[in-house]
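**Student:** I need the structure of the sequence given here:
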Amino acid sequence: MRAVLRRTKIVATLGPATESDAAIDSLIKAGVDVVRLNFSHGKPDEHRARAEKIRRIGLENNRHLAILADLQGPKIRLEKFKNGKVNLALGNKFCLNAECPDGEGDSEQIGITYKQLPQDVKNEDILVLDDGRIVLQVDSVEGPRIHCTVQVGGELSDNKGINLKGGGLTAEVLTDKDRADLKTAALIDADYLAVSFPRNAADMIQARKLLDAEGSSAGLIAKIERAEALDNLEEIIEHSAGIMIARGDLGVEIGDAKLPAVQKEIIKKARDLNCVTITATQMMESMRDSPIPTRAEVFDVANAVLDGTDAVMLSAETATGAYPSETVRSMSDICLNAEQHSRAIKSRHRIDDTFMRVDEAIAMAAMYTANHLNVRAIATLTESGSTALWMSRISSGIPIFALSRHQSTNRKVNLYRGVFPVYFPTVHTNHAEANQEAVELMLKQGTIADGDLVIITKGDLMGTGGGTNAMKIVEVGNMPSFLA
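**Tutor:** Presented below is the predicted three-dimensional model:
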């Protein structure tokens, strides 16, 4: 009996808990598809060593793991207190002072890393600290000092994050550190680069130009964390390979209660525009300390799958948690079960669209045929992975195998929902031989069997990117009559 393939991909963050060879091997065996390197921590040489290790162990497991390099972005945080923390009571007065020295904070004031903050806020603005645990209302701004009243009090400690509710901070998206880290990402040949806190298309265009200058073809992932990014969502998507719904900072800026509806809207918009989506932040948070998830976390992951996300992401759960491989395995089980629901395998997406490209039309025709015929698998012979991406936008229970001679393509498509990369090193001018070799390779892997119907797409000029213009249906074990 053939195993059911999980279509939703899992992104896991590497960290102190998962840096050893054995830990990475365990993550891969548990089901990780994409490994995230958090550039908020670590030096260039450390990231290079991690990337080499990930690729080596991935290939030992016959897996084409993608690497996602995640830039830190502008660091808008408190500086340090004299005693490490203070307690703020409801109604207390408290000052954020851009001129207060680091390490000199007390119960009356604290320094801030983002010195322009006093220019970005005005009276009655709401500042949210430490992911919403502390809330301040701005009373007045005097030069470098922001005078506030505590609306939600509690313990406040060093280096906590600051958000402006409703958005509007003007901090540059790509800091000097980010520009240096971008060069490191290009050097390690990262498959994706996540840009933190983009506000508009211009931020993504700038990152693309910098990547191009370094000779990198990494796909850009826009992390939707700012309220104003939602106003510019379509233009951001058009200049990105993927969107990450970073629910921590976004929830702080727009309010957590709005997140579920916004998540669904982002995923739908991204799918409509042929863009990949990653749903992130606290998906399995309790498993940092527990071997099993809460039921709320099970529902959260399952709902993201039903929303149509390409991938679900783990952060601290695998970076510093006590049960990293168990967390991946639990997440995989949840995804597999959610994918059995009819919403996850049936779609009228783009059924009435007119297509402007032949290769895109072939991709849509293949998916329509697969969903209305008893097809076991789809094999797309691809150079860039574009055909596989278009196919993956259509909900289906039928696996899409992307056969490519390019390892970079194999890694990149491993983020696409329902797409499974297969290394296919040869380029045939004889289409019958290409079909035969593709089917034999899939037979050898055990993904198809005699009697199965398989859809194959490819281009007349094989080896040319963007040239997919043909679709063929073959019956495994009875191919000669189809190959004329």
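
**Student:** rest of the way, CA atoms for contacts and neighbours
**Tutor:** Will do.

**Student:** where in the chain is the helix or strand with the lowest mean pLDDT?
**Tutor:** helix 342-345 (a mean of 75; mean pLDDT, DSSP states H and E).

**Student:** now do the helix or strand just after that helix: distance to the chain's middle.
**Tutor:** Per DSSP states H and E, the first helix or strand lying C-terminal to helix 342-345 is helix 358-371. Relative to the chain's own centre, helix 358-371 is displaced by 25 Å; criterion: CA atoms, centre = their mean, to the nearest Å.

**Student:** what is helix 358-371 packed up against?
**Tutor:** Here helix 358-371 touches strand 375-381, helix 386-392, strand 453-459, strand 468-475, going by 3 or more CA pairs under 8 Å, 6 or more residues apart in numbering; DSSP states H and E.

**Student:** of all those, which lies closest to I254?
**Tutor:** helix 386-392 (30.3 Å; CA to CA).

**Student:** what helices and strands are in contact with the closest one?
**Tutor:** Secondary elements touching helix 386-392 (3+ CA pairs under 8 Å, 6+ apart): helix 358-371, strand 400-404.

**Student:** hey, which of those is tucked in deepest?
**Tutor:** strand 400-404 (a mean of 25; mean count of other CA atoms under 10 Å).

**Student:** give the buried residues for whatever helix or strand comes next after it.
**Tutor:** Proceeding N to C from strand 400-404, the next assigned helix or strand is helix 407-413, under DSSP H and E. For helix 407-413, the neighbour count (16 or more other CA atoms under 10 Å) marks 408-413 as buried.

**Student:** quick one: residues in contact with the least confident helix or strand of the chain.
**Tutor:** 305-306, 308, 338-339, 395-397 (CA atoms under 8 Å, 6 or more residues apart in numbering).

**Student:** ok, stretch 292-309 next?
**Tutor:** Everything outside stretch 292-309 that qualifies as a contact, by CA under 8 Å, 6+ apart, is 8, 264, 267-268, 276-279, 283-287, 312, 327, 330-331, 334-335, 338-339, 341, 343-344, 395, 417.

**Student:** of the residues you listed, buried ones?
**Tutor:** Buried, going by 16+ other CA under 10 Å: 8, 264, 267-268, 276-279, 283-287, 312, 327, 330-331, 334-335, 338-339, 344, 395, 417, out of the contacts of stretch 292-309.

**Student:** pull the contacting residues for D131.
**Tutor:** So, once contact is read as CA under 8 Å, 6+ apart, D131 ends up touching 161-162, 248-249, 252.

**Student:** okay, and which of those residues map to strands?
**Tutor:** Among those, the members falling in strands are I162 (criterion: DSSP state E).

**Student:** any chance of the contacts of D131 in CSV, plus distance to Y192, neighbour count and pLDDT?
**Tutor:** Below are those laid out as CSV (distance: CA to CA, whole Å; neighbours: other CA atoms under 10 Å; pLDDT from 0 to 100):
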residue, distance to Y192, neighbour count, pLDDT
G161, 25, 18, 92
I162, 27, 25, 94
G248, 21, 18, 91
D249, 21, 27, 92
V252, 26, 27, 90
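
**Student:** farthest-separated two in the contacts of D131?
**Tutor:** Checking these with CA to CA, the most distant pair is I162 and G248, at 11.9 Å.

**Student:** report how many residues lie close to Q263.
**Tutor:** 17 (other CA atoms under 10 Å).

**Student:** how close does it get to E214?
**Tutor:** Relative to E214, Q263 is positioned 33 Å away (CA to CA, to the nearest Å).

**Student:** same question for F197.
**Tutor:** In terms of CA to CA, F197 sits 22 Å off from E214.

**Student:** out of those two, which sits in the more crowded spot?
**Tutor:** Ranked by neighbour count (other CA under 10 Å), F197 and E214 place F197 first, with 26 against 15.

**Student:** what about the more buried one, which SS state?
**Tutor:** coil (DSSP: H, G, I helix; E, B strand; the rest coil).

**Student:** for the least confident helix or strand of the chain, C-alpha coordinates in CSV please.
**Tutor:** The C-alpha coordinates for helix 342-345 follow below in CSV (Å, rounded to 0.1, in the frame of the first residue of the first chain):
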residue,chain,number,x,y,z
SER,A,342,-13.0,18.0,0.9
ARG,A,343,-12.1,21.7,1.2
ALA,A,344,-8.4,20.7,0.8
ILE,A,345,-8.8,18.6,-2.3
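
**Student:** can you give the distance of it from its chain's centre?
**Tutor:** Here the centre of helix 342-345 is set off from its chain's centre by 22 Å, with CA atoms, centre = their mean.

**Student:** stretch 39-56 now?
**Tutor:** The answer for stretch 39-56 is 18 Å, by CA atoms, centre = their mean.

**Student:** point out where the stretch 351-484 of the chain drops to low pLDDT.
**Tutor:** 351-353, 427-429, 460-466, 479-484 (pLDDT under 70).

**Student:** the chain too?
**Tutor:** 1-3, 346-353, 427-429, 460-466, 479-484.

**Student:** circling back to that earlier point, for the contacts of D131, which one is nearest A432?
**Tutor:** For those, the nearest to A432 is G248 (51.5 Å; CA to CA).

**Student:** what's the closest non-adjacent residue to that closest one?
**Tutor:** T281 (6.0 Å; CA to CA, 6 or more residues apart in numbering).

**Student:** distance of that neighbour from G167?
**Tutor:** Here the distance between T281 and G167 works out to 19 Å (CA to CA).

**Student:** would you map out the domains in this protein?
**Tutor:** Listed by automatic domain parsing, the domain ranges of the chain are 9-73+172-342, 85-164, 358-482.

**Student:** just send these back as CSV, with distance to E79 too.
**Tutor:** Listed next are the domains of the chain as CSV, based on distance: least, CA to CA, whole Å:
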stretch, distance to E79
domain 9-73+172-342, 16
domain 85-164, 5
domain 358-482, 37
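
**Student:** A helix includes T318, no?
**Tutor:** Yes: using three-state DSSP, the secondary structure at T318 is a helix.

**Student:** that one is in contact with A12, isn't it?
**Tutor:** Yes: using CA atoms under 8 Å, T318 is in contact with A12, at 6.3 Å.

**Student:** narrow the buried ones among the contacts of stretch 292-309 to those in helices?
**Tutor:** Secondary structure assignment (DSSP state H) places 264, 267-268, 327, 330-331, 334-335, 338, 344 from the buried ones among the contacts of stretch 292-309 within helices.

**Student:** what's the most distant pair in the residues you listed?
**Tutor:** K268 and T327 (27.0 Å).

**Student:** contacting residues around V375?
**Tutor:** So V375 contacts 398, 452-455 (CA under 8 Å, 6+ apart).

**Student:** excluding its backbone neighbours, what's nearest N87?
**Tutor:** With CA to CA, 6+ apart, the residue lying closest to N87 is E155, at 4.4 Å.

**Student:** element containing the one you found?
**Tutor:** E155 belongs to strand 154-157 when elements are defined using DSSP H and E.

**Student:** and that strand, what does it pack against?
**Tutor:** Using 3+ CA pairs under 8 Å, 6+ apart, the elements in contact with strand 154-157 are strand 85-88.

**Student:** buried residues, the strand it packs on. List them.
**Tutor:** In strand 85-88, counting by 16+ other CA under 10 Å, buried: 85-86, 88.
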